[in-house]
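K.L.:
Fold the following for me, if possible:
(2 chains)
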Amino acid sequence: MTASGEPSHSAQPTADTGDEAGLAARLAARDAAALREVIARHAAVLHRIAFRMIGEAQEAEDIVQEALLRLWDQAPKIAERHPVGSQAAASLRLGGWLSRVVTNLAIDRLRRTRRLAGEEVPDTEDDSPLADALIEANEREGLTRALVAALPDRQRAAIVLTYYEELPNAEAAAALDMNIKAFESLLHRARAALRQAFAAQGGAL
Amino acid sequence: MSGTPQDPGAPITRGSPLARKLDDFAVPALSADFEARVLAAAEARPAPLPELRRPARSARRWRIGQRIAIGIASFGVLASAAAATGLLEQLNIPVPSAEKVWASITGKPAAAAAVPASARPAPAAASTASAMRAPVEIIGPIDTPEELSEAFRRIDDVREGRYAARQQRIDQRIDAEIERRRAAGLRVPTPEEEARLRARIETAEARRKEQVDARVAARREEMARKVESGEALTRKDVLQPLREDAQALKREQQLRQLRRLPPAERREALRRLPPAERRALIEDFRARRAGGVATSAPATSDPAPEASPAE
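P.N.:
Numbers count the residues shown, from 1 in each chain, chains lettered A, B, ... in the order given. I've put the predicted structure just below:
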């Protein structure tokens, strides 16, 4: 992160782009070792994105798994469009592709959960003996989560991708299927909302 | 400070209170068996299905253009087929010939063009006679007897062609109706009945032609007198009376048909007609009642000459 707050490098593991095409070709050939390699390269980043979007570890893992399996399914098409050694192969970024899928899956999951739960507050207080202690222990983290979770879905994704994962704006915009101008506007609104929520919690900017 | 008060959307600076707060959001590690789970799920995943359809090409505009071109070509083929098989004539849709269209563009009388090729009389004697005649060119209004004769000759050519085409259409309709009845298993007229029917229609047609001829002859005498007295006749002067005669004849037929209807149906049929046509028909009817039939339209009381055998 630079002084201006913009990421100076991609948070994605630095993989040789030509190698990405080779990896896609191996995935297309149903090579389990290739999938293992993809998991090693990208799973941690994807999990962080999913977790900070969803706030629930198991669900975040499910989302990452779904994204990886989609890559497994789509690999023949991807490999066909980016043949090894071609100019298209140089532009292939499996990390970017996976980030986009994870972000979209997380947004879908949030929307579905909200629809099913109807934003209802539990009727009764959780009086289990561990609850108070747990809340107290995680109070600070909980407040931060609440801060991020209070943002609208896409604004939350913008903060997760640019602040936490330090993705360049262009890559974050691609992950959200937006053009760069629209993304910058979204990011601006996200930061403003975050500051407002932080100030409301009593934080000093 | 992670953003100025003036710009709340400014980037979040590392080390600022907000950044420190955000950094509290820790992420747990992935489960130890995550990789194994994904690999097992991938192994169990069925192979993707082949594509059901070809991926859409990017040239959408060309696809639309292609469809429009195919549509136009199909319409052209169907329209040509319909015109060639005579379907449009059966549906009473006029199909102008190329000669007629050209004549309407150039403004020259389409005398020869109006005669169908099949019905055009081509006796050797007539052709030699017309070859022996010196060609008369009509330039401007008709102001000489020669030009008037030439105009009448051209009109006669057209009329002959129309009569021949009309006769042919009557024959076709009779044949088609007999064929239809035969195909439907209905009784068809015996040869004697058919001959009687054709004779009756021919008689009616001949009578109609006589009446029209008489009317035309009267008109021509009148025009010849005008030309002899030095008056020039335009194309409109020649053709308009013919058109009026044709309309009068049509109205006469309509009146005959209306007379056969019960009063309520007659009123309804009149109501359905276009206003101008209804007005003309009522005027004709009044004139006829007042005894002026002879001057307004050829008086006929024959059945409609084109009536099909089923009628």
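K.L.:
can you count the residues close to the closest residue to B:Leu261 other than its chain neighbours?
P.N.:
Closest residue to B:Leu261 apart from its sequence neighbours, by Cβ to Cβ, 6 or more residues apart in numbering or on different chains: B:Ala269 at 6.2 Å. All C-beta atoms are positioned from the backbone trio N, CA, C, and that covers glycine. By other Cβ atoms under 10 Å in any protein chain shown, the residues close to B:Ala269 number 14.
K.L.:
my read: B:Ala269 touches B:Leu258, true?
P.N.:
Yes. The pair B:Ala269 and B:Leu258 qualifies as a contact (Cβ atoms under 8 Å) at a distance of 6.2 Å.
K.L.:
any idea how far the residue nearest to B:Leu261 is from B:Leu197?
P.N.:
26 Å (Cβ to Cβ, to the nearest Å).
K.L.:
which ones are touching A:Leu71?
P.N.:
The contact partners of A:Leu71, taken as Cβ atoms under 8 Å, 6 or more residues apart in numbering or on different chains, are A:27, A:38, A:78, A:94, A:97-98, A:101.
K.L.:
top of those residues by neighbour count?
P.N.:
Ranked by the number of neighbours (other Cβ under 10 Å), the contacts of A:Leu71 place A:Leu27 first, at 26 neighbours.
K.L.:
Next, the closest residue in space to that residue that isn't next to it in sequence: secondary structure please.
P.N.:
In this structure, A:Leu27 finds its nearest non-sequential neighbour in A:Ala75, 3.6 Å apart by Cβ to Cβ, 6+ apart. For A:Ala75, the assignment made with DSSP: H, G, I helix; E, B strand; the rest coil gives helix.
K.L.:
Pull the number of nearby residues for A:Ala75.
P.N.:
Number of residues near A:Ala75 (other Cβ under 10 Å) recorded here: 24.
K.L.:
Check the one 5 residues further on too.
P.N.:
The criterion is other Cβ under 10 Å. On that basis, A:Glu80 has 11 neighbouring residues.
K.L.:
residue contacts, the closest residue to it other than its chain neighbours?
P.N.:
Leaving aside its chain neighbours, A:Glu80 sits nearest to A:Ala28 (7.7 Å; criterion: Cβ to Cβ, 6+ apart). Remark: with contacts taken as Cβ under 8 Å, 6+ apart, A:Ala28 is in contact with A:75-76, A:78-80.
K.L.:
And B:Ser31, by the same measure?
P.N.:
Taking Cβ under 8 Å, 6+ apart, one finds A:61, B:37 in contact with B:Ser31.
K.L.:
For it, give me the pLDDT.
P.N.:
We have a pLDDT of 90 for B:Ser31.
K.L.:
for B:Arg61, same thing?
P.N.:
Note on B:Arg61: pLDDT of 72.
K.L.:
Do you know the pLDDT at the residue nearest the centre of chain A?
P.N.:
The centroid of chain A falls nearest to A:Ile49 when counting by Cα atoms, centre = their mean (2.8 Å). According to the prediction, A:Ile49 has pLDDT 95.
K.L.:
Could you do B:Ala217 as well?
P.N.:
So, for B:Ala217, pLDDT stands at 86.
K.L.:
Quick check: buried residues in the helix or strand where it lies?
P.N.:
Using DSSP states H and E, B:Ala217 falls within helix B:191-228. By neighbour count on 16 or more other Cβ atoms under 10 Å in any protein chain shown, the buried set for helix B:191-228 is B:197, B:201, B:204-205, B:208, B:211-212, B:215-216, B:220, B:223, B:226-227.
K.L.:
in the chain, which helix or strand is least confident?
P.N.:
Let's take chain A. When the helices and strands of chain A are scored by mean pLDDT, DSSP states H and E, helix A:129-137 comes last with a mean of 53.
K.L.:
list the buried ones in the helix or strand following that one?
P.N.:
For helix A:129-137, the following helix or strand on the C-terminal side (DSSP H and E) is helix A:139-149. Buried positions in helix A:139-149, judged by neighbour count with 16+ other Cβ under 10 Å: A:142-145, A:147-149.
K.L.:
for stretch B:258-273, same thing?
P.N.:
Using 16+ other Cβ under 10 Å as the test for burial, stretch B:258-273 gives B:258, B:270.
K.L.:
all helices of the stretch 51-200 of chain B, in order?
P.N.:
Secondary structure of the stretch 51-200 of chain B by DSSP state H, counting those that start in this stretch: the helices cover B:60-84, B:87-90, B:98-106, B:124-132, B:145-183, B:191-228.
K.L.:
Throw these into TSV and include distance to chain A, thanks.
P.N.:
Shown next, in TSV, are the helices of the stretch 51-200 of chain B (distance: least, Cβ to the nearest Cβ, whole Å):
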stretch	distance to chain A
helix B:60-84	20
helix B:87-90	52
helix B:98-106	55
helix B:124-132	76
helix B:145-183	59
helix B:191-228	74
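K.L.:
Which of those has the lowest mean pLDDT?
P.N.:
Looking at the helices of the stretch 51-200 of chain B, the lowest mean pLDDT belongs to helix B:124-132 (a mean of 48).
K.L.:
how's chain A carved up into domains?
P.N.:
Residue ranges for the domains of chain A, per automatic domain parsing: A:15-119, A:135-205.
K.L.:
what residue is smack in the middle of chain B?
P.N.:
Centroid-nearest residue in chain B: B:Ile93, 3.6 Å away (criterion: Cα atoms, centre = their mean).
K.L.:
can you tell me which residues contact B:Pro241?
P.N.:
Counted by Cβ under 8 Å, 6+ apart, B:Pro241 has contacts B:Arg219.
K.L.:
For it, pull up the helix or strand it's in.
P.N.:
Per DSSP H and E: helix B:235-260 holds B:Pro241.
K.L.:
Residue 172: what's it in contact with?
P.N.:
The chain I'm using is chain A. Counting by Cβ under 8 Å, 6+ apart, A:Ala172 touches A:158, A:161-162, A:183, A:187.
K.L.:
hmm, I had chain B in mind actually
P.N.:
Counting by Cβ under 8 Å, 6+ apart, B:Gln172 makes contact with B:Gly86.
K.L.:
Pick out the residue of chain B closest to chain A.
P.N.:
Nearest residue of chain B to chain A: B:Pro11, at 2.4 Å (Cβ to the nearest Cβ).
K.L.:
quick one: secondary structure of that residue?
P.N.:
coil.
K.L.:
what's the neighbour count on it?
P.N.:
B:Pro11 has 20 nearby residues by other Cβ under 10 Å.
K.L.:
same question, the one 5 residues further on
P.N.:
B:Ser16 sits with 16 neighbouring residues when counted by other Cβ under 10 Å.
K.L.:
Which pLDDT value goes with the residue of chain B closest to chain A?
P.N.:
Note on B:Pro11: pLDDT of 88.
K.L.:
hang on, it packs against A:Ala190?
P.N.:
No. If you go by Cβ under 8 Å, B:Pro11 and A:Ala190 don't touch, sitting 11.2 Å apart.
K.L.:
would you list every one of the helices in chain A?
P.N.:
Listed in chain order, the helices of chain A (DSSP state H) span residues A:17-28, A:32-54, A:57-81, A:87-90, A:94-117, A:129-137, A:139-149, A:153-159, A:169-175, A:180-200.
K.L.:
Mind listing residues that contact the fifth one?
P.N.:
Residues from elsewhere that reach helix A:94-117, judged by Cβ under 8 Å, 6+ apart: A:10, A:12-13, A:15, A:20, A:23-24, A:38, A:41-42, A:45-46, A:49-50, A:53-54, A:59-60, A:63-64, A:66-68, A:70-71, A:78, A:153-154, A:157, A:161, A:165, A:167, A:171, A:174-177.
K.L.:
can you pull the buried residues of that helix?
P.N.:
Using 16+ other Cβ under 10 Å as the test for burial, helix A:94-117 gives A:94-107, A:109-110.
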